Structure formats: structure tokens, C-alpha cells
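Enquirer: coords please:
(one chain, ligands or ions: 2)
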Amino acid sequence: MEESNIPVIDMEKIDCEEGECKKLREACERWGCFRIINHSISETLMAEMKKVNQALLDLPLEIKKRNTEVIAGSGYMAPSAVNPFYEALSLYDLGSSQAMHNFCSQLHASPQQRKIVERYGEAIHGLVVKIGEKIAESLGIVVDDFKDWPCQFRINKYNFTPEAVGSTGVQIHTDSGFLTILQDDEKVGGLEVLDSSGSFVPVPPFPGTLLVNLGDIARVWSNGRFCSLIHRVQCKEATKRFSIATFMLAPRNRNVEAPEELVNKDHPRLYRPFIYEDYRKLRVSNKMHTGEALELLRLS
Ligand SMILES: O=C(O)CCC(=O)C(=O)O
Ligand SMILES: [Fe+2]
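Expert: Numbering: from 1, shown residues only. Ligands and ions are numbered 1, 2, ... in the order given. Predicted structure coming up:
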């Protein structure tokens, strides 16, 4: 299996270099993902947040179960028949300090852990908004309300045992929202992405960087110009793996639809406007995990 050539975007160049902006657009069009370097999250904060991830997912089950869902799929996810080595805790939504506070209280987080969740949460929220703006800008569109789009935050643990080697950690899927920032494990690989030729390629760890990928809503919003990334996690070695995902989902309280500027004679509107939560339900009820449910919303 070949390793991926996922594009690398330099966040320090993105404000001032046209070439970097073009690279960003091409990454969204061809891959639906890229890695970012020189971003605003320090390696110290990333390491601290990973430690909190480990500590919270090591809590007794009774406590983890207190992390109840706010929208479907936003609370504690126990290991299941489909993903037996995987569990996660989650927070909805990241832009709300009250939600962050509730998440920490549910899990009896210490004052120190709370501080780290808050610092990481605020920093990663700022970053996801900035990346969203740059992606929109790469198509010549100004979006000024990404900061109001709800974000889900999730800490993932893979308890890979010797028997798990060769099997799946997280089943093949696309993310349903607009944009995801993933802090993948800096030591343990396993993430694989589907490339344009239809083969899975491993994404090796790249310490200090963050992986960004587009979800189904980016396909709709860009009127089909951008692709959503099909990915999965495979167990390569018998060890624990931790990752941290921030999902910027969709506009709050209004329809998901491509802006007028992206609709014209050559690019007729592809999808009918819809509410994100309805789309999320459609995916789940039809067991369509890789974006196929968008076909149900196609206009022609
Ligand atoms: O753990 C990973 O590397 C990927 C997790 C993922 O795909 C997700 O949380 O949607
Ligand atoms: Fe994902």
C-alpha cells in the first residue's frame, strides 16, 4: 500500500500568498483533505489535550455514561458491534462556554483538565472558523457567520488489542458536516483515506500538524466543486490510539445550500436546500455512511 501524498497547507502563508490559496482550493477539489502546518495550536496544548483525552476515556463507565447526547450521536459512544475497539466522548457545541462547562462537569474534570479543555476548545474553534473562511475565500466567497455554525467536539480512543490487528477501528465513512479538524495520534497510525483512484491509502502520523477534511455539507455548499473525504481507521498494532476531532457542522437554524455565486448555467444547483439535522437523520436511518444520502436530495 502506498502512502498518501496529502497536500500540506502552510497557515502562515495562506493570508498573503496566492499560490497557497490555490493549493487549498485544489486540495478541497481533488482530495477533500489536507494537512496544516504553522497553525495556531501549540504542540504543548496538543499534548496536554491528548492527556486529558486519555484520562477522561479511562474513567469508569458509569461516569462516561453521564456524557449524554444533545443531538443524535453527540454523547458517549461505547464500543459497539460495528466498532468494538472504539469509544468516544463528545461535546455539542464548542462555541458555547456553557456546553464546555457541562461536558467537564458531567465527567468530573479537575480544574486543570477543565482549563485545558477550555483553552484547546477555544483555540480549535477559532482555527476551524478561520479555515472555513479561507476555504470559502478560495472560491471567491466571503462567509462571515462560520463562528455561529454549531461545532461538535469529540475525543476518540481505540483500544487495539492483539486480536484487533488487521481489523477495523472505525468503519468507512464521510463526516456529515462541513469541515473537520483532526488531531490524529502523533505516534500510532491507522487512518486511511480513499484516493481518487478508489484505493485506500494510509495517512502516517505527522507530529505537530493537524489534518483537515471536508464532509458532505462541503459538497452541497460548494455545489459539487469540493469532495468529501471517505476514510476509516484500521488497527495496525496492538496499542491504544487517541484522536481529537472538531466538526464544524452546518449553518445554525437555516438551510444548507450553495451560495448564489456558485450557481450558474454551467453549474446548476445540485441539491435542494435542507436542514442539517434532517440530513443527519437521513444518513443514520438509511445506514448511508459515505455520503450516499446526498443523492436522495439531488435536484436532477
Ligand atoms: O481517529 C481518527 O483518526 C479518525 C476519526 C474519525 O474519522 C472521526 O472521528 O470522524
Ligand atoms: Fe471521520
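Enquirer: what's near enough to touch residue 270?
Expert: Residue 270 makes contact with 220, 223-224, 258, 298-299 under the criterion CB atoms under 8 Å, 6 or more residues apart in numbering. C-betas here are computed from N, CA, C, even on glycine.
Enquirer: and the two most separated of the residues you listed?
Expert: Spanning the widest gap among the contacts of residue 270 are 258 and 298, at 12.7 Å by CB to CB.
Enquirer: More neighbours: the two, which one.
Expert: Between residue 258 and residue 298, counted using other CB atoms under 10 Å, the more crowded position is residue 258 (21 against 12).
Enquirer: The closest residue to the more buried one other than its chain neighbours: how many residues sit nearby?
Expert: Excluding its sequence neighbours, the residue lying closest to residue 258 (CB to CB, 6 or more residues apart in numbering) is residue 223, at 3.7 Å. For residue 223, the count of nearby residues is 20 (other CB under 10 Å).
Enquirer: what helix or strand does the closest residue to ligand 1 within the stretch 101-250 of the chain sit in?
Expert: Ligand 1 sits closest to residue 243 of the stretch 101-250 of the chain, with a gap of 3.4 Å, by CB to the nearest ligand atom. For residue 243, the host element (DSSP states H and E) is strand 240-248.
Enquirer: next one: residue 232
Expert: Per DSSP H and E: strand 231-234 holds residue 232.
Enquirer: near ligand 1, which residues of the protein?
Expert: Neighbours of ligand 1 within the chain, by CB under 6 Å from any ligand atom: 154, 156, 170, 175, 182, 184, 191, 231, 233, 243, 245.
Enquirer: Let's see that with 5 Å instead.
Expert: By CB under 5 Å from any ligand atom, the residues of the chain that approach ligand 1 are 156, 184, 191, 233, 243, 245.
Enquirer: Closest one of those to residue 264?
Expert: Distances from residue 264 to these, taken by CB to CB, are shortest for residue 245, at 34.4 Å.
Enquirer: in the stretch 51-200 of the chain, which spans are strands?
Expert: 86-92, 151-159, 168-173, 179-183, 191-194, 200-202 (DSSP state E, counting those that start in this stretch).
Enquirer: what angle separates the first one from strand 151-159?
Expert: Between strand 86-92 and strand 151-159, the angle comes out at 160 degrees (axes from the mean of the first three to the mean of the last three CA atoms, to 10 degrees).
Enquirer: and residue 45, what does it touch?
Expert: 116, 119-120, 123.
Enquirer: Write the PyMOL selection for whichever of the residues you listed are buried.
Expert: Buried residues within the contacts of residue 45, by 16 or more other CB atoms under 10 Å, are selected in PyMOL with:
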select buried, resi 116+120+123
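Enquirer: Could you count how many residues lie near residue 80?
Expert: Neighbours around residue 80, by other CB under 10 Å: 10.
Enquirer: and the residues of the chain next to ligand 1 as CSV, adding neighbour count and pLDDT?
Expert: Output for these, formatted as CSV (neighbours: other CB atoms under 10 Å; pLDDT from 0 to 100):
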residue, neighbour count, pLDDT
156, 24, 98
184, 25, 98
191, 25, 97
233, 27, 98
243, 24, 98
245, 20, 98
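Enquirer: circling back: once you drop chain neighbours, what's closest to the residue of the stretch 101-250 of the chain closest to ligand 1?
Expert: For residue 243, ignoring the flanking residues on the chain, the nearest one in space by CB to CB, 6+ apart is residue 156 at 4.6 Å.
Enquirer: try residue 276
Expert: Nearest residue to residue 276, sequence neighbours excluded (CB to CB, 6+ apart): residue 250, at 3.5 Å.
Enquirer: Looking at the stretch 1-150 of the chain, which residue is nearest ligand 1?
Expert: residue 88 (7.2 Å).
Enquirer: isn't that residue right up against residue 155?
Expert: Yes - using CB atoms under 8 Å, residue 88 makes contact with residue 155 at a distance of 6.4 Å.
Enquirer: so what sits against both of the two?
Expert: Listed as contacting both residue 88 and residue 155 by CB under 8 Å, 6+ apart are residue 57.
Enquirer: Give the residue spans of this structure that score low on pLDDT.
Expert: Filtered on pLDDT under 70, the chain yields the residue ranges 1-4.
Enquirer: is the most centrally placed residue in it in a bridge, and if so with what?
Expert: For the chain, the residue nearest the mean C-alpha position is residue 180 (2.6 Å; CA atoms, centre = their mean). Under DSSP bridges, the beta-bridge partners of residue 180 are residue 213, residue 247.
Enquirer: Pretty sure residue 247 is one of the things it touches, is it not?
Expert: Yes - the pair residue 180 and residue 247 passes the contact test of CB under 8 Å, sitting 5.0 Å apart.
Enquirer: Common neighbours of these two, please.
Expert: residue 215.
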